[in-house]
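Novice: Sequence and predicted structure are below.
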Amino acid sequence: MSVEVTKLPSGLTVITDTMPHLQTAALGVWAGVGGRDEKPNEHGISHLLEHMAFKGTTRRTSREIVEEIEAVGGDLNAGTSTETTAYYARVMKADVPLALDVLSDILANPSFVPDELEREKSVIVQEIGAAQDTPDDVVFEHLNELCYPDQPMGRSLLGTAKTLQSFNRDMLRGYLSTHYRGPDMVVAAAGAIDHHQVVDEAARRFASFDGTPAPKPEPAMFGKGGSRVVHRELEQAHLTLALEGVPQTDQSLFSLQVFTNVLGGGMSSRLFQEVREKRGLCYSIYAFHAPYIDTGFFGLYTGTDPGDAPEMMEVIVDVINEAVETLTESEIARAKAQMKAGLLMALESCSSRAEQLARHILAYGRPLAVEELVARIDAVSVETAQDAARALLSRSRPAVVALGSGRGLDTAVAFAEGLTKSKAKERLH
């Protein structure tokens, strides 16, 4: 197997997948810290820290950071999510040591120059404004807040203008020191990679990230459901619905993912066929399931004419309830084929492969072999998918948010209550 794993004395894990046919490599540092690790007075600090990593170190200015990577034809980027923050690069084979040097420098030696910090706060305030101008961002912010009330997971990753203004370089250094610890970090690389070279470079360059593991975030508590209508003058009504899903390590995860794909995972899905193709009620409709360490988030989104919102939600509820009881072998086979194709296609991209390996280490503590993942997908049957779907409907009340204008929105969200009052739920008892 081309995947190799080494755990350094600091606790940091190095994982690589060598792809001899490639001339480029993707590599990065994944830290097991994100929005859910923030205290109320730290709201948005994970994302700000990610931004500030590129704004200069004790060895390089912000311009030198990007120029050194781009001078060899590479690129550099980062991203913050609910549970992880990633810093990654794509370079030619010969430039892997340079990429590791830059990545370690921005994390081990950030300068947090006050002027740069103030400028970046302003940049993120503009980002918050852009998100507020994007209806599907706004509706999901409200949905997360409804699903995880008074919890970090229910807050926007971007923070607010008020919390951003309270951050200073000492807070950033303290947050970095507390949460970026060797046992909670992964250096992952794929492509034109030599494992031993990456291990040697990582051991030397990330030596300062050691010590005990970072503190664990508070357990997630899915809320009591309910509905919220957010009135705004828009051309469309944006409708979202959520239920409590399952964690990353739950045995029913793959069965639930398959059901989700059958329901709203593509153009052949039940929702797309019924709502768009047959009724012409929308342009876009989809369902997804996002698993976390200790919970999961099943979500559904669509946009429609405000006058059609009640019919839309009524149809959605009916389609979900019917799907639970009438799944077919052909639908399950199609959804499984989609999942396997997505998995195998990701292996052809060194960037996707590096990210996949890092996430496996953070979630499972080990890389899952492709054969193991395929076997888990193949093990899903009509019966296991139905069981996972029934459990989904019984686990929580739906949380529903409608964003837009018109009287139909209140009626639309009321229809969603019928989802977990259905015969499908009654059959559990």
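Specialist: Right, received. Where do you want to start? Note that this is a predicted model, so its numbers are computed, not measured.
Novice: The protein: strands as residue ranges?
Specialist: In the chain, the strands defined using DSSP state E lie at 3-7, 13-18, 24-31, 75-80, 85-92, 185-191, 226-231, 237-244, 285-291, 296-304, 399-404.
Novice: Let me have the ones you listed in TSV, extended by mean pLDDT and distance to residue 353.
Specialist: The way it works is simple: take the backbone N, C-alpha and C, and place the C-beta from them, glycine included. TSV is the format used below for the strands of the chain (pLDDT from 0 to 100; distance: least, CB to CB, whole Å):
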stretch	mean pLDDT	distance to residue 353
strand 3-7	97	9
strand 13-18	98	5
strand 24-31	98	7
strand 75-80	96	16
strand 85-92	98	12
strand 185-191	97	4
strand 226-231	94	40
strand 237-244	96	30
strand 285-291	97	20
strand 296-304	97	24
strand 399-404	96	35
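Novice: Mind listing what's buried along stretch 387-398?
Specialist: 387-393, 396-398 (16 or more other CB atoms under 10 Å).
Novice: which residues of the chain score low on pLDDT?
Specialist: 1, 420-429 (pLDDT under 70).
Novice: Identify the residue nearest the residue nearest to the spatial centre of the chain in space, chain neighbours excluded?
Specialist: Centroid-nearest residue in the chain, with CA atoms, centre = their mean: residue 81, separated by 5.6 Å. Using CB to CB, 6 or more residues apart in numbering and skipping residues adjacent in sequence, the residue nearest residue 81 is residue 34, 5.1 Å away.
Novice: pretty sure the one you found contacts residue 153?
Specialist: No - Residue 34 is beyond contact range of residue 153, at 9.4 Å (criterion: CB atoms under 8 Å).
Novice: Identify the contacts common to these two.
Specialist: residue 82 (CB atoms under 8 Å, 6 or more residues apart in numbering).
Novice: that older thread, to residue 159, which of the strands of the chain lies closest?
Specialist: strand 75-80 (10.6 Å; CB to CB).
Novice: Now do the same contact list for the residue nearest to residue 163 when sequence neighbours are not counted.
Specialist: Closest residue to residue 163 apart from its sequence neighbours, by CB to CB, 6+ apart: residue 43 at 4.4 Å. Residues in contact with residue 43 (CB under 8 Å, 6+ apart) are 152, 155, 159-160, 163.
Novice: What are the boundaries of the helices in the stretch 251-400 of the chain?
Specialist: 253-264, 270-271, 309-326, 329-346, 350-364, 370-378, 382-395 (DSSP state H, counting those that start in this stretch).
Novice: outside of stretch 221-228, which residues touch it?
Specialist: Here stretch 221-228 has contacts from 142, 146-149, 151, 154, 244, 295, 395-402, 413-414, 416-417, using CB under 8 Å, 6+ apart.
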